[in-house]
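J.: okay, predicted coordinates and the sequence, questions at the end:
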Amino acid sequence: MNKEIFNNKLFEKLDKDNLIENSREWSNQVDSTWNYNDVVGALKSWESLNTIGLEYIDSIQNCLTETGKDILVNGSPEAKLYNILTAEGMSPADANKQFGATAFGSAKNKGWIEVKAGKIVKKAESIVDTVKVDLSGDLSKLDNKILEQYKKSRFVEEKKMSYYRVVKGEQYNKRSKELSDLTVDMLKDDSWEKENFKVNINAMGVVPEQGYRHPLNKVKNEFKQIFLDMGFEEMPTFNFVENGFWNFDALFQPQQHPARELQDTFFIKDPKTSHDFSDEYCERVKQVHSVGGYGSLGWVYDWKLEEAEKNILRTHTTAVSARMLYKLAQNGFKPKKYFSIDRVFRNETLDATHLAEFHQVEGVVADVDISLGHLIGVISEFFKRLGIDNIRFKPAFNPYTEPSMEIFGYHPILKRWVELGNSGIFRPELLLPMGIPENVRVAAWGLSLERPTMIKYGLDNIRAIFGNSINVNFIKNNPICMFESK
């Protein structure tokens, strides 16, 4: 749409008639090739300057369907049937197949055709296609019974056709728009001197402020330093997309587990699947799931490779831990302490303490004959270095750890215990198929990054630190994150 032509036509109409009753009809009359969305955009642009006034009006109109439009070109189904008939005639079955079930009945009721010796033949010497005539005219002037019949035949349908009533605005004589941008071309030809700008282009610029570190990054760095001080090694966590094998199957989580359904997990449409695991390891995982092994009965179900190959947004960084433990087993086992801090994704209902995208702090200790007591000691020491000693553990169930514990911390603002994470000892069904020695135990835990940050900064809503409702001033003004060790 040429805006200069549009503006000329718009003001020419308003100068003459003072208003435009229907913007949609007017734009079609002026130029039927104009996109109506472009027309609305241009009208709203002038409305913002108070040059014109707009009144939004909802309207339900009868319009031709695609079938109705075809009738205007090729005629109604009964007319098509009549016109194609020859002296030999046509069987009713062929007529119904070619023109639909209603064409034969309509043509017969109108006296155009008749059936002789099982064949449809012409009865009238000539016809007037009344359906085509009706649809070619003003639909609003049709008899209601006829119009309803056309709607049932799907020749006509009702559509919501909103439009604007356009009138002159208080600043109708204001025809030049205030520009937002000063372009290079304006500077070259000095045309900027003749333009009006929304901003004072002669004002001195503001010195840009320096960046500010997000509170989560501050806490993340503190966490990372504590892990490093405790002798942990950071794991690579750059892959947000995992397949179900590493995220679930390698962790001995059954394929029918609720966590693997749409209401809990985000599945990737393209690429939908991936396969980055060895066939030998895959077969061992399949066996321990399907029929058991290593002293376990397994989950006893028909394990499917297609389910394991589905790509998802990882639901936990434990998938990274699985990859690292498998690699550790292949290269010759050595005692290791790993950690990671990165984003994970869950199809959660958002509330004050839950997000669909959040950060998980993952820790893994692999050594000979370690126990639940070691795990409690490591987690307690970790939180002690954070300055949070008001924690407690609660027995829990996880498909891939036994025993398992939930970790809770007391939130002084919410005045209740808030879940911080999960922990446990990896099951033999997870470790032994990887090739980890039988006397090795792996203690693992996943902690939240957001919730300890809430406790540290005295926040009662997780969306205050992560998401589109975050207050930028909070990022600028929050203090340096330092945890006082106890």
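T.: Noted; the coordinates are in hand.
J.: contact partners for the nearest residue to Phe245 once chain neighbours are set aside?
T.: Using Cβ to Cβ, 6 or more residues apart in numbering and skipping the chain neighbours, the partner closest in space to Phe245 is Ala308 (4.1 Å). Just so you know, the C-beta spots here come from the backbone N, C-alpha and C atoms, and that holds for glycine as well. For Ala308, the contacting residues are Asn243, Gly244, Phe245, Phe248, Asp249, Gln255, Cys282, Val285, by Cβ atoms under 8 Å, 6 or more residues apart in numbering.
J.: most remote residue from the chain's center?
T.: Ala117 (62.6 Å; Cα atoms, centre = their mean).
J.: confidence score at Gly292?
T.: pLDDT, Gly292: 93.
J.: again, but for Lys336
T.: 95.
J.: what ranges of the stretch 51-200 of the chain fall below the confidence cut-off?
T.: 175-177 (pLDDT under 70).
J.: for it, just list every one of the helices.
T.: Using DSSP state H, counting those that start in this stretch, the helices of the stretch 51-200 of the chain run over 66-74, 77-84, 92-99, 101-109, 130-136, 144-152, 184-189.
J.: how much does the third one deviate in direction from helix 77-84?
T.: The one in question is helix 92-99. Here helix 92-99 runs at an angle of 120 degrees relative to helix 77-84 (axes from the mean of the first three to the mean of the last three Cα atoms, to 10 degrees).
J.: before we move on, what about the first one?
T.: With the same axes, to 10 degrees applied, the angle from helix 66-74 to helix 77-84 works out at 30 degrees.
J.: any idea how far the residue most central in space within the chain lies from Glu406?
T.: Centroid check for the chain by Cα atoms, centre = their mean gives Phe266 as the closest residue, at 9.6 Å. For Phe266, the distance to Glu406 equals 24 Å [Cβ to Cβ, to the nearest Å].
J.: for Asn96, same thing?
T.: Asn96 is 68 Å from Glu406, by Cβ to Cβ.
J.: swap in Met434?
T.: For Met434, the distance to Glu406 - Cβ to Cβ - is 26 Å.
J.: again with Arg24
T.: Distance, Arg24 to Glu406, by Cβ to Cβ: 60 Å.
J.: rewinding a little: just say which of the helices of the stretch 51-200 of the chain is most tucked in.
T.: helix 77-84 (a mean of 20; mean count of other Cβ atoms under 10 Å).
J.: ok so, going back, give me the more crowded residue out of Met434 and Glu406.
T.: Met434 (20 against 17; other Cβ atoms under 10 Å).
J.: pretty sure that one is in contact with Lys327, am I right?
T.: No - using Cβ atoms under 8 Å, Met434 is not in contact with Lys327; the gap is 9.1 Å.
J.: quick one, which of the helices of the stretch 51-200 of the chain is nearest to Tyr400?
T.: Minimum separation from Tyr400 across the helices of the stretch 51-200 of the chain (Cβ to Cβ) falls at helix 66-74, 55.1 Å.
J.: which strands or helices does that closest one pack on?
T.: Judged by 3 or more Cβ pairs under 8 Å, 6 or more residues apart in numbering; DSSP states H and E, the packing partners of helix 66-74 are helix 130-136.
J.: low-confidence ranges, the stretch 201-350 of the chain, go.
T.: For the stretch 201-350 of the chain, applying pLDDT under 70 flags the ranges 207-208, 262-263, 350.
J.: all helices for it, in order.
T.: 215-229, 244-247, 279-290, 305-308, 318-330.
J.: closest one to Thr86 among the ones you listed?
T.: Closest approach to Thr86 among the helices of the stretch 201-350 of the chain (Cβ to Cβ): helix 305-308, 56.4 Å.
J.: which positions in the closest one come out as buried?
T.: Glu307, Ala308 (16 or more other Cβ atoms under 10 Å).
J.: quick one: low-confidence parts of the stretch 351-486 of the chain?
T.: Along the stretch 351-486 of the chain, segments meeting pLDDT under 70 span 351-354, 466-472, 474-486.
J.: kindly recompute the last result at 80.
T.: Along the stretch 351-486 of the chain, the model assigns pLDDT under 80 to residues 351-356, 386-389, 411-414, 418, 420, 451-486.
J.: straight-line length of stretch 139-154, end to end?
T.: 14 Å (Cα to Cα, to the nearest Å).
J.: how about residues contacting that stretch?
T.: 62-65, 67-68, 102, 131, 134-135, 156-158.
J.: again, but for stretch 91-102
T.: In contact with stretch 91-102 (Cβ under 8 Å, 6+ apart) are residues Pro77, Glu78, Lys80, Leu81, Ile84, Ala103, Phe104, Val115, Gly118, Lys119, Ile120, Ser153.
J.: which two among these are spaced furthest apart?
T.: Of all pairs drawn from the contacts of stretch 91-102, the one with the longest distance (Cβ to Cβ) is Gly118 and Ser153, at 27.1 Å.
J.: and the two? Which one has more around it.
T.: Using other Cβ under 10 Å, the more surrounded residue of Gly118 and Ser153 is Ser153, with 18 against 9.
J.: now do the helices in the stretch 351-486 of the chain.
T.: For the stretch 351-486 of the chain, applying DSSP H, counting those that start in this stretch gives helices covering 372-386, 428-431, 450-457, 472-477.
J.: for these, give me CSV that also has distance to Asp38 and mean neighbour count.
T.: Putting the helices of the stretch 351-486 of the chain into CSV (distance: least, Cβ to Cβ, whole Å; neighbours: other Cβ atoms under 10 Å) gives the following:
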stretch, distance to Asp38, mean neighbour count
helix 372-386, 57, 17
helix 428-431, 59, 23
helix 450-457, 44, 22
helix 472-477, 35, 11
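J.: would TSV of those helices with distance to His214 be doable?
T.: Formatted as TSV, the helices of the stretch 351-486 of the chain follow (distance: least, Cβ to Cβ, whole Å):
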stretch	distance to His214
helix 372-386	18
helix 428-431	35
helix 450-457	10
helix 472-477	6
